[in-house]
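S.K.: Sequence plus predicted model, see below.
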Amino acid sequence: MVNRRSPVGPAGADGDAPGPVSTVESERSAREALADPAAVHIDDEERPARVLTGPIATGVAVVAFAAAVLALWQVFRPLAQGSQFYLIIFLALTLPLVFLVYRSGFPSRGAARTGPDRPTVPDWALAAATLLVCLYPVNPFNGGYDGFLDRQGLLETADVIAGAIMLALVVEACRRTTGLALPVVCLAFLAYGYYGGLLPQDWAIAHSGLDFDQIVDALYNSGSGFYGTPLDVAATYIVLFTIYGAVLDLSGASRFFVDLSVAAFRRSRGAAGRTAVAAGFLLGTVSGSGTATAVSVGAVTWPMLRRAGYPAEQAGGMLAAAGVGAILSPPTLGAAAFIVAEYLDVSYLTVLGWAMIPTVLYYLGILLAVEIDVRRFGVRAVDLPQTSAGRLLLRFGYHFSSLVLIVVLLATGLSATRAVVYATLLAAALSFLDRSAWLTPRRLFAALSAGVRGVLPVVAVCTAAGIITATTTKTGLGAQLASLLVSGAQAVTDNPTAVLALTVVLAAVALAILGLAVPVTASFIIGWVIIGPALLALGVSPPAAAMFVFYFSVLSEVTPPTALAAVGASAITGGRPVPTMWQALKYALPAFLVPIAFVITDPGEYLLARGPALGIVWATVVALLAVLGLAIATGAWVPGVGPAGPASRILAGIAGLLLLCLAPLTIALGAVALALAAGIAFIRRTGRTTP
């Protein structure tokens with residue numbers, strides 16, 4: 001049945017649809033929606049920030065610009081004192097800004113007097129305190145930085161006090177940017193570290209207990225706490241990519257990507273849906289954020305989707321799934337992908353290679369669902385601006401060059417940090433080919449500042465994640481929980497294959513639940529330190545285990561009941577949030593099942609482009625058929641045939657699951673089931689059309 005919001009009825013089995021409806025304003029909407037760079041750089045892990053004005057905005061921009069310059073300087077002239085010294089300075093520049101840019105969320109007496117978008121006196125006090133405790137390790141009055149490191153394990157009273165204040169401020173900064181869930185998780189880990197010695201010693205997770213000095217030392221004066229891998233990745237990689245995204249956006253790339261998507265499909269019946277998906281993929285290279293991409297693309301494409309006949313919830317689900325695909329897609333991926341590379345000690349290009357085939361499968365699933373929706377909902381063709389895609393490519397195709405340059409430089413062995421800096425310089429230089437997008441010194445200053453402001457929530461999350469990683473390392477919690485997870489599966493069955501499959505299912509559920517509460521980056525870090533060891537213990541390779549955790553962490557963005565991308569898309573389309581979430585889940589279904597294939601079957605790694613070329617080819621082809629089966633099962637339509645009844649849908653769903661097992665027997669059974677599904681649908685359609 002067609003949603004009442006849709007102005008058209010369902011199409012017939014032959015796919016005919018009413019005539020085109022004009023949406024000439026779509027190009028104008030695209031330009032207006034993308035005029036403000038802040039509209040693109042909305043991080044998935046971010047609560048609404050203040051809109052600062054006047055001297056305060058200028059001051060924040062100056063400090064953010066200084067942090068950007070420091071990050072760029074570190075790429076070519078690393079500070080002589082080492083990476084931890086750089087992290088201390090970087091955190092001192094960025095963490096205080098969190099208290100000025102983000103509201104406390106608590107009522108304040110000064111709110112009526114100072115206005116809702118101006119920092120209050122407590123905000124200034126917290127920012128000042130944060131600056132002091134961040135710089136405390138390098139203060140020259142107590143031995144300086146070297147003296148602070150020499151006191152590791154034997155902190156003085158002043159060190160412990162500064163570290164305790166730092167801990168409280170990091171948790172508060174995390175609360176301001178992401179909400180209560182992650183701070184509560186951090187406090188739970190702290191409580192476990194402090195009170196773990198009181199647990200019954202026959203419990204698997206019991207430990208000898210840590211005193212407060214030991215906890216502060218692990219967080220404040222070691223490489224596994226605040227200044228651990230998560231913050232290192234944020235300050236070394238992520239900030240450079242957010243700066244690159246800001247420069248690329250201000251150079252006109254966002255507008256070009258949307259215009260190109262509109263022009264590429266303007267003559268087809270499925271133009272509106274295809275445009276939304278293509279624009280989501282291309283715009284994701286700029287934002288690197290699922291929610292931001294869904295909202296930005298929705299603002300541009302919802303008018304044409306509505307006129308074409310898409311129900312609001314269906315369109316919102318499509319936009320959310322396309323937006324989240326930006327986090328899963330090369331060449332930028334999401335923030336957690338850099339942590340994958342750092343944890344596994346591989347190049348970022350290697351991680352990009354692992355993500356290529358899953359990205360193709362993900363977007364194929366969305367496009368198949370779009371084509372099915374064209375028939376199911378009687379989607380009409382729309383009149384789009386008559387701009388030639390070839391003409392756009394000839395005039396503005398240079399925007400792709402910086403993206404290509406990143407991949408080329410990575411392939412030549414250059415580090416990811418230098419590659420993205422060179423790509424940023426190229427994007428800035430190419431902006432002068434478009435008079436309306438010149439990156440003048442003032443606009444370049446704005447781009448660098450916006451890039452650092454965009455990374456503030458990630459800095460808060462990654463610093464807070466140090467609490468989790470340090471506690472896990474000091475207590476051995478990760479290994480203990482991994483052992484419990486495997487033991488739970490072994491209690492059900494002794495078969496090694498069944499144990500692995502059950503562990504994977506439990507891990508997927510755990511990651512999905514975890515992703516409901518905490519942001520993507522934190523979800524990956526927690527999942528890796530707890531679930532990663534369980535998968536590794538069962539013989540899963542590190543790349544497969546890491547990408548499994550990565551994908552399920554990202555997919556929390558479309559997992560009810562807190563799917564942020566779907567919520568953002570529903571706000572644009574006016575659809576109901578919960579039905580929009582379920583529609584997004586339908587579009588993203590292959591992304592939930594393909595990662596399971598990584599870890600439960602040996603040929604599953606072929607989908608990560610790891611293995612012989614022939615194996616990679618046949619595994620990809622089989623996975624493509626599996627995605628087709630899943631699309632039929634969820635969309636109730638067999639492409640090229642017509643509506644799929646219950647029997648066809650069940651058979652197609654079974655076929656998709658069997659094919660993803662990637663074993664000879666299951667492939668044969670899956671192919672037969674898929675053929676039967678199509679045959680039954682064909683017979684059903686023929687019976688309907690026969691007099």
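M.R.: Yes, it's here.

S.K.: Now tell me which helix or strand of the protein has the poorest mean pLDDT.
M.R.: When each helix and strand of the chain is scored by mean pLDDT, DSSP states H and E, strand 21-22 comes last, with a mean of 38.

S.K.: Touching, residue 312 and residue 575? I think so.
M.R.: Yes - Residue 312 lies in contact with residue 575 (C-beta atoms under 8 Å); the separation is 3.3 Å. C-beta: built from backbone N, CA, C; applies to glycine.

S.K.: which stretches of the stretch 151-300 of the chain have low pLDDT?
M.R.: 266-269, 284-289 (pLDDT under 70).

S.K.: And for the stretch 551-691 of the chain?
M.R.: Residues of the stretch 551-691 of the chain that meet the criterion pLDDT under 70 lie in 561-562, 687-691.

S.K.: Tell me where it has strands.
M.R.: Remark: strands assigned in the stretch 551-691 of the chain by DSSP state E, counting those that start in this stretch are 637-638, 642-643.

S.K.: Can you tell me which of those strands is most buried?
M.R.: Highest mean neighbour count among those (mean count of other C-beta atoms under 10 Å): strand 637-638, with a mean of 26.

S.K.: hey, where'd the helices end up in the stretch 501-650 of the chain?
M.R.: Ranges of helices in the stretch 501-650 of the chain, per DSSP state H, counting those that start in this stretch, are 520-537, 542-554, 564-573, 577-587, 589-600, 613-635, 646-660.

S.K.: Show me what the fifth one packs onto, helices and strands only.
M.R.: Applying 3 or more C-beta pairs under 8 Å, 6 or more residues apart in numbering; DSSP states H and E, one finds that helix 589-600 contacts helix 348-376, helix 496-517, helix 542-554, helix 613-635, helix 646-660.

S.K.: go on, the last one?
M.R.: The helices and strands touching helix 646-660, judged by 3+ C-beta pairs under 8 Å, 6+ apart, are helix 589-600, helix 613-635, helix 664-689.

S.K.: Please enumerate residues in contact with it?
M.R.: 593-594, 596-597, 622-623, 625-630, 632-633, 636, 638, 644, 666-667, 669-671, 673-674, 676-678, 680-681, 684 (C-beta atoms under 8 Å, 6 or more residues apart in numbering).

S.K.: Sort out which residues of it are buried, please.
M.R.: For helix 646-660, the neighbour count (16 or more other C-beta atoms under 10 Å) marks 648, 649, 651, 652, 653, 654, 655, 656, 657, 658, 659, 660 as buried.

S.K.: again with the fifth one
M.R.: Along helix 589-600, the positions that meet the burial threshold by neighbour count (16+ other C-beta under 10 Å) are 589, 590, 591, 592, 593, 594, 595, 596, 597, 598, 599, 600.

S.K.: Just the angle for the strand or helix carrying residue 161 relative to helix 496-517, thanks.
M.R.: Applying DSSP states H and E as the criterion places residue 161 in helix 157-178. For helix 157-178 against helix 496-517, the angle by axes from the mean of the first three to the mean of the last three C-alpha atoms, to 10 degrees is 90 degrees.

S.K.: So for residue 541, what's the nearest residue that isn't a sequence neighbour?
M.R.: Of all residues not flanking residue 541 in the chain, residue 605 sits nearest, at 6.4 Å (C-beta to C-beta, 6 or more residues apart in numbering).

S.K.: right, and the helix or strand after the helix holding residue 161?
M.R.: Note on helix 157-178: by DSSP H and E, the next helix or strand toward the C-terminus is helix 181-195.

S.K.: Need the residues that contact that following helix.
M.R.: Applying C-beta under 8 Å, 6+ apart, the external contacts of helix 181-195 come out as 167, 171-172, 174-175, 205, 209-212, 215, 461, 464, 467-468, 471-472, 474-475, 477, 517-519, 522, 526.

S.K.: how far away is the residue nearest the centre of the chain from residue 346?
M.R.: Ranked by distance to the mean C-alpha position of the chain (C-alpha atoms, centre = their mean), the top residue is residue 327 at 3.9 Å. When distance is defined by C-beta to C-beta, to the nearest Å, residue 327 is 19 Å away from residue 346.

S.K.: What of residue 391?
M.R.: Using C-beta to C-beta, residue 391 is found at 41 Å from residue 346.

S.K.: Between the two, point out the one with more neighbours.
M.R.: Legend: neighbour count by other C-beta atoms under 10 Å for residue 391 and residue 346, higher for residue 346 (16 against 10).

S.K.: mind checking the longest helix of this protein?
M.R.: Longest helix of the chain, by residue count under DSSP state H: helix 441-475.

S.K.: tell me which strands and helices the following helix or strand past that helix is in contact with?
M.R.: Going down the chain from helix 441-475, the next helix or strand is helix 477-490, by DSSP H and E. With contacts taken as 3+ C-beta pairs under 8 Å, 6+ apart, helix 477-490 sits against helix 496-517, helix 520-537.

S.K.: so which of these gets nearest residue 481?
M.R.: Evaluated over the helices and strands packed on helix 477-490, closeness to residue 481 peaks at helix 520-537, with 4.8 Å, by C-beta to C-beta.

S.K.: what does the average pLDDT come to for the closest one?
M.R.: Helix 520-537 shows a mean pLDDT of 85 in the predicted model.

S.K.: can you check stretch 491-499 too?
M.R.: The pLDDT scores in stretch 491-499 average 82.

S.K.: for stretch 363-370, same thing?
M.R.: Stretch 363-370 shows an average pLDDT of 86 in the prediction.

S.K.: Kindly report the same for stretch 426-444.
M.R.: Mean predicted confidence for stretch 426-444 is 88.

S.K.: what's the spacing between it and its chain's center?
M.R.: Its chain's C-alpha centre and that of stretch 426-444 lie 28 Å apart, by C-alpha atoms, centre = their mean, to the nearest Å.

S.K.: now what about it, what contacts it?
M.R.: Contact with stretch 426-444 is made by 244, 247-248, 250-253, 396, 398-399, 401-402, 405, 447, as judged by C-beta under 8 Å, 6+ apart.

S.K.: run the last query once more with 7 Å
M.R.: Residues from elsewhere that reach stretch 426-444, judged by C-beta atoms under 7 Å, 6 or more residues apart in numbering: 244, 247, 248, 250, 251, 252, 398, 401, 402, 405, 447.

S.K.: can you redo these as CSV with neighbour count, secondary structure and distance to residue 358?
M.R.: Below are the contacts of stretch 426-444 laid out as CSV (neighbours: other C-beta atoms under 10 Å; DSSP: H, G, I helix; E, B strand; the rest coil; distance: C-beta to C-beta, whole Å):
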residue, neighbour count, secondary structure, distance to residue 358
244, 29, helix, 23
247, 28, helix, 28
248, 29, helix, 24
250, 23, helix, 31
251, 29, coil, 29
252, 22, coil, 30
398, 19, coil, 29
401, 13, helix, 26
402, 25, helix, 24
405, 19, helix, 24
447, 26, helix, 31
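
S.K.: any chance of those residues in a markdown table, plus distance to residue 504?
M.R.: As requested, these are arranged in a markdown table below (distance: C-beta to C-beta, whole Å):
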| residue | distance to residue 504 |
| --- | --- |
| 244 | 35 |
| 247 | 41 |
| 248 | 38 |
| 250 | 43 |
| 251 | 43 |
| 252 | 44 |
| 398 | 44 |
| 401 | 41 |
| 402 | 38 |
| 405 | 38 |
| 447 | 43 |
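
S.K.: quick check, nearest of those residues to residue 535?
M.R.: Relative to residue 535, the closest of these is residue 244; by C-beta to C-beta it sits at 32.7 Å.

S.K.: Can you give me every residue that contacts the closest one?
M.R.: 420, 423, 424, 427.

S.K.: which ones among these are found in helices?
M.R.: Reading helices off these with DSSP H, I get 420, 423, 424, 427.

S.K.: Give the helix, strand or coil label for residue 97.
M.R.: Recorded secondary structure, residue 97: helix (DSSP: H, G, I helix; E, B strand; the rest coil).
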